[in-house]
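**Q** Okay, sequence plus prediction incoming.
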Amino acid sequence: MTTRLQPSNSRSTLAARAVFSAALATSLHAFSGVALAAAPAGVSTGGCEVIASGQLRGSEYRAQYEGACKNGLANGEGKAIWQSTYAPDSPPVVWQGRFTQGIFLAERESVGAQRLDSTRALLDLGPLKATGSAKPGNLWVESRVDGKLPASVCQPLSLQVSAQGDLSDDALTKRWLDSAYDRWFAVCKQAAVDKLKGRNLRMLVHNGNDWKPDSYGNFPPGVAQATKPFGTSSVDTASSWSSYSNSAAQQKASAQRNQAQSEELQANQARIQKFASKTGAKQIVELKALESNPFRFGKNVILVAVRMEKARTPVEAFVRSANGSRYDWSSVLLRGPISDWDEQGRIVAVRVNGRSTDKETLDYVILELVDSQRCEQSNCEDYLLMPGKRWLRDDVFHAGVNTQPPLVLAGGKP
């Protein structure tokens, strides 16, 4: 909140002296030429404004200010006084020193301030020593006017850091956190920390100086956030950050994961294409499509992803889809050397040999094995999952001898 403090003038001085007792006049002898005016409770009256709490803005106090003023705000060297209306003999509340934008700079280390709202200020503690090869940053302290006290860097609501360098590096970002806390501690000392015991300090790390609070005094989320419990000692500053998060590091890790996944999917594509080229396969087919009409493939070599369900002989086994559930049954009989197969899925190159006429396997689709490749993934993802996270389903290949041509979809587009 703000107190609109009237500049001095001789007429109001006479009025004020008629109201206040001789004791009050004595206590303000040094400012006998400065008038006292009732705090306007936030109403603009054309005076010089100082950010103060609601307690000092009420009718219980009369306020005055003398000193530098800019654009209606106390700015520069000045002195603000609040005197109790009903206890004129009590000591006045005095803020004397430097002001900026109506904010009293209670600590000499503050080099500036920015108003956030009617009670909060962002106090500038100036340059922050760089970590590593990064350029220097800057440290800001969010604080609030409280009762009869001005905003103080030693009563922080949060620390705001303008940091430099690659903030996706968690180690670097945490060094900025430690450096900021050490700088704050150097100003406020152990006594301030002891008074704050039981509270948590919140810190936001921003990338460079190109950030600012919004019109409501809210901070941007920053690159990194962390909290730290105030303790009784300064030696634990480096390892006591909790609730740490770093969006830049998360984005970098996500990009790395995406890149690794993209490379993996491209490797899958190359792997299936190489096997198709080696075996002369024209197409990859799902078992369900194969079972409905196996004769449409003629004697062409096709690829199928299968898992052995049950071996009948060393060269014959019932198979089911490699990337289906264990309850996905199929009526497919594979013939070829399968004695060394385990339960892992496989990509097999086969030719269709019609349907079985044997009584025990009547109407089963018979596949003659040309070649096979054991999958590393249980569902043959390492052969079937393509770039774009697209599964191979009844897709057509351009097969060539000793080449690895691009994979072509059934629609004819790569």
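**A** Yep, that arrived.

**Q** low-scoring stretches of the stretch 1-150 of the chain, by residue?
**A** 1-46 (pLDDT under 70).

**Q** What segments of the stretch 51-200 of the chain are strands?
**A** When assigned using DSSP state E, counting those that start in this stretch, the strands of the stretch 51-200 of the chain occupy the ranges 61-70, 73-84, 93-100, 103-104, 112-115, 120-128, 137-144, 158-163, 200-207.

**Q** Rebuild these as a markdown table, extending it with mean neighbour count and distance to Asp194.
**A** Quick note: C-beta positions are derived from backbone N, CA and C, even for glycine. As requested, the strands of the stretch 51-200 of the chain are arranged in a markdown table below (neighbours: other C-beta atoms under 10 Å; distance: least, C-beta to C-beta, whole Å):
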| stretch | mean neighbour count | distance to Asp194 |
| --- | --- | --- |
| strand 61-70 | 21 | 31 |
| strand 73-84 | 20 | 29 |
| strand 93-100 | 19 | 25 |
| strand 103-104 | 26 | 24 |
| strand 112-115 | 19 | 26 |
| strand 120-128 | 21 | 20 |
| strand 137-144 | 24 | 18 |
| strand 158-163 | 23 | 18 |
| strand 200-207 | 20 | 14 |
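
**Q** For Lys274, which of the ones you listed is the nearest?
**A** Using C-beta to C-beta as the measure, strand 200-207 is the one of those that comes nearest Lys274, at 44.6 Å.

**Q** Report the angle between the closest one and strand 137-144.
**A** Using axes from the mean of the first three to the mean of the last three C-alpha atoms, to 10 degrees, one finds that strand 200-207 and strand 137-144 are set 140 degrees apart in direction.

**Q** Extract the CA atoms of strand 200-207 and return them as PDB.
**A** Extracted C-alpha coordinates of strand 200-207, given in PDB (Å, rounded to 0.1, in the frame of the first residue of the first chain):
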ATOM      1  CA  ASN A 200      11.300 -21.600   3.500                       C
ATOM      2  CA  LEU A 201      13.100 -19.400   1.000                       C
ATOM      3  CA  ARG A 202      11.900 -19.600  -2.600                       C
ATOM      4  CA  MET A 203      14.200 -18.800  -5.400                       C
ATOM      5  CA  LEU A 204      13.700 -18.400  -9.200                       C
ATOM      6  CA  VAL A 205      16.500 -18.400 -11.700                       C
ATOM      7  CA  HIS A 206      15.800 -16.400 -14.900                       C
ATOM      8  CA  ASN A 207      17.800 -16.600 -18.100                       C
END
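
**Q** Let me see the mean pLDDT of the next helix-or-strand element following it.
**A** Tracing the chain C-terminally past strand 200-207 and defining elements by DSSP states H and E, one meets strand 224-229 next. Model confidence over strand 224-229, given as mean pLDDT, is 93.

**Q** next one: strand 224-229 to chain centre, how far?
**A** 13 Å (C-alpha atoms, centre = their mean, to the nearest Å).

**Q** So which residues make contact with it?
**A** Strand 224-229 has contacts (C-beta atoms under 8 Å, 6 or more residues apart in numbering) with 167, 173-174, 176-177, 181, 199-205, 237, 240-249.

**Q** Type out the ChimeraX command that picks the buried ones from these.
**A** To isolate in ChimeraX the members of these that are buried, counting by 16 or more other C-beta atoms under 10 Å, one can use:
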select :167,173,174,176,177,181,201,202,203,204,205,237,240,241,244,246,248,249
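
**Q** Among the strands of the stretch 51-200 of the chain, which comes closest to Ala255?
**A** Evaluated with C-beta to C-beta, those place strand 200-207 nearest to Ala255, the distance being 16.5 Å.

**Q** Report all helices and strands that that closest one contacts.
**A** With contacts defined as 3 or more C-beta pairs under 8 Å, 6 or more residues apart in numbering; DSSP states H and E, strand 200-207 has these neighbours: strand 158-163, helix 170-195, strand 224-229.

**Q** quick one: contacts for Val205?
**A** Neighbouring residues of Val205 by C-beta under 8 Å, 6+ apart: Val161, Ala163, Leu167, Thr173, Trp176, Leu177, Gly222, Val223, Ala224, Gln225, Ala226.

**Q** change it to 6 Å
**A** Val205 is in contact with Val161, Ala163, Thr173, Trp176, Gly222, Val223, Ala224, counting by C-beta atoms under 6 Å, 6 or more residues apart in numbering.

**Q** In this structure Pro112 contacts Asp124, no?
**A** To be clear, residue 112 is Gly; Pro isn't right here. Yes. The pair Gly112 and Asp124 qualifies as a contact (C-beta atoms under 6 Å) at a distance of 4.0 Å.

**Q** Pick the most buried one from the helices and strands packed on strand 200-207.
**A** strand 158-163 (a mean of 23; mean count of other C-beta atoms under 10 Å).

**Q** Could you check the angle that one makes with strand 120-128?
**A** 40 degrees.

**Q** nearest to Lys79, of the helices and strands packed on strand 200-207?
**A** helix 170-195 (23.3 Å).

**Q** Determine the set of other helices and strands touching the closest one.
**A** Contact partners of helix 170-195 among helices and strands, from 3 or more C-beta pairs under 6 Å, 6 or more residues apart in numbering; DSSP states H and E: strand 158-163, strand 200-207.

**Q** and the closest residue to Ser247 other than its chain neighbours, what does it touch?
**A** Spatially, and ignoring its direct neighbours in sequence, Ser247 is nearest to Val223 (5.8 Å; C-beta to C-beta, 6 or more residues apart in numbering). By C-beta under 6 Å, 6+ apart, the contact set of Val223 is Leu167, Val205, Asn207, Ser247, Ala248.

**Q** Likewise for Arg199?
**A** Phe230.

**Q** do the same with Phe297
**A** Listed by C-beta under 6 Å, 6+ apart, the contact partners of Phe297 are Val352.

**Q** try 10 Å this time
**A** Contacts for Phe297 were tallied using C-beta atoms under 10 Å, 6 or more residues apart in numbering; they are Lys282, Gln283, Val285, Ala289, Leu290, Val350, Arg351, Val352.

**Q** wait, which of those is closest to Trp82?
**A** Out of these, the one with the shortest distance to Trp82 is Ala289. That distance is 86.5 Å, counting by C-beta to C-beta.

**Q** Good, wrapping up.
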